[in-house]
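[1] build me a structure from this.
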Amino acid sequence: MVGEIEALIRRDGPITVAEFMRRAVAQYYAGRDPLGARGDFITAPEITQVFGELLGAWCVECWRAMGAPERVALVELGPGRGTMMRDMLRATASVSGFRPSVHLVETSQALRERQRGIPAKWHLSLATLPEMPMLLLANEFFDAIPVQQFVGAVERRVTAVDGGLAFIPAGEGNIVERSPERVDLANQIARRIVTHGGAALIVDYGYVGGSGDTLQAVHAHRPRDVFADPGGIDLTAHVDFGALADSARGGGARPWGPLPQGAFLSRLGIEARAARLIETATPDQAMLIRSGCRRLIDPREMGTLFKVLAITRSGDPAPPGFEDTP
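    Got it, this is the predicted structure:
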């Protein structure tokens, strides 16, 4: 895809970092399944079933706090292979009265094929979701939404050079990232919750407050130069959870957190759930359960870098895991 972007730049001039990221990410997800050991990266649901089971239990408790409505939408943004949704549905199948309609927001046809078998309706955006209370989850979704980069008041841009692409120097100073698209999506989620009821949970890697250049590329689980193969390698940027919380608050909702992923999963009982699974597991299965759960909560791995933000209506009780957060 370097050739397509280079041709665009030579015709129309340099493009913003956000436009470069948008085009590269769209091409990347259009025709491939990037997950797993043979792909470019692995997400929490693929590491251990415990992740999806705990989030399923989280949804049930939020549903009960809402008064257990008969009609409720269970929504996932960017569901990948559908692993987390399958784990959630299996874990909640025996809960009396909890029969949500399942909705998957997915633009990749290749990944939609991997999600077949889930009793769901597919959507390209939030706009076509049903107007009813919803329980929405977004795991490693926001990091793929484009970011702008600024040096002072100057927006950073990408140009064509001999042999590929490069950033145009934008002057001296620190790089600051912003993402109006992420902020707008958080606001849309908040307004839907305010209007129809429900709760949302956003899990991703990121920070609260200022950050520098976090744009990164990964191929076969290893870092690559962001211009190495646009459209052929994973391209993401860290999520500003403070901006998402502010946007949710601006939409009239109540943000909770963010909490470090390790702390959140521990509060939901990840150790106890793992112990129950190990009781009936083979030695090899037990080892995988222990190592997978440790990877999710260890501060040296995903426990601190990954964070969790919840969104509810103002005045609703704290969702599970956020009981003592301000």
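[2] in a helix, that's where residue 255 is, yeah?
    No: counting by DSSP: H, G, I helix; E, B strand; the rest coil, residue 255 is located in no helix; its state is strand.
[3] give me the distance between it and residue 179.
    16 Å (Cβ to Cβ, to the nearest Å). C-betas here are computed from N, CA, C, even on glycine.
[4] which one's more surrounded, these two?
    residue 255 (25 against 22; other Cβ atoms under 10 Å).
[5] tell me who's in contact with the residue nearest to the more buried one when sequence neighbours are not counted.
    Spatial nearest neighbour of residue 255, chain neighbours left out: residue 245 (3.8 Å); criterion: Cβ to Cβ, 6 or more residues apart in numbering. Shown in contact with residue 245 (Cβ atoms under 8 Å, 6 or more residues apart in numbering): 255, 257, 258, 309.
[6] A helix includes residue 245, no?
    Yes: according to three-state DSSP, residue 245 belongs to a helix.
[7] on the three-state scheme, residue 291 is what?
    On the basis of three-state DSSP, residue 291 is classed as helix.
[8] then the longest strand that the chain contains to CSV, C-alphas only?
    For the chain, the strand with the greatest residue count under DSSP state E is strand 198-207. Output of strand 198-207 as CSV, limited to C-alpha atoms (Å, rounded to 0.1, in the frame of the first residue of the first chain):
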residue,chain,number,x,y,z
GLY,A,198,-27.0,0.5,30.1
ALA,A,199,-23.2,0.5,30.6
ALA,A,200,-20.0,0.4,28.6
LEU,A,201,-16.6,-1.0,29.2
ILE,A,202,-13.5,0.1,27.3
VAL,A,203,-10.3,-1.9,27.7
ASP,A,204,-7.1,-0.9,25.9
TYR,A,205,-3.5,0.1,26.4
GLY,A,206,-3.0,3.8,27.1
TYR,A,207,-2.5,6.6,29.6
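[9] from the chain's centroid, how far away is that strand?
    The chain centre lies 7 Å from the centre of strand 198-207; the measure is Cα atoms, centre = their mean, to the nearest Å.
[10] after it comes which helix or strand?
    strand 216-219 (DSSP states H and E).
[11] and the next helix or strand after that following strand, what does it pack against?
    On the C-terminal side of strand 216-219, the nearest following helix or strand under DSSP H and E is strand 222-224. Using 3 or more Cβ pairs under 8 Å, 6 or more residues apart in numbering; DSSP states H and E as the contact test, the elements touching strand 222-224 are strand 216-219.
[12] quick check: residue 52 is in a helix.
    Yes: counting by three-state DSSP, one finds residue 52 located in a helix.
[13] what pairs with the longest strand of the chain, parallel or antiparallel?
    Using DSSP bridges, strand 198-207 pairs in its sheet with strand 134-139 (parallel), strand 239-240 (parallel), strand 306-313 (antiparallel).
[14] list the contacts of the shortest one.
    When contacts are taken as Cβ under 8 Å, 6+ apart, the neighbours of strand 239-240 outside the stretch itself are 142-143, 177-179, 182, 202, 204-209, 211, 307.
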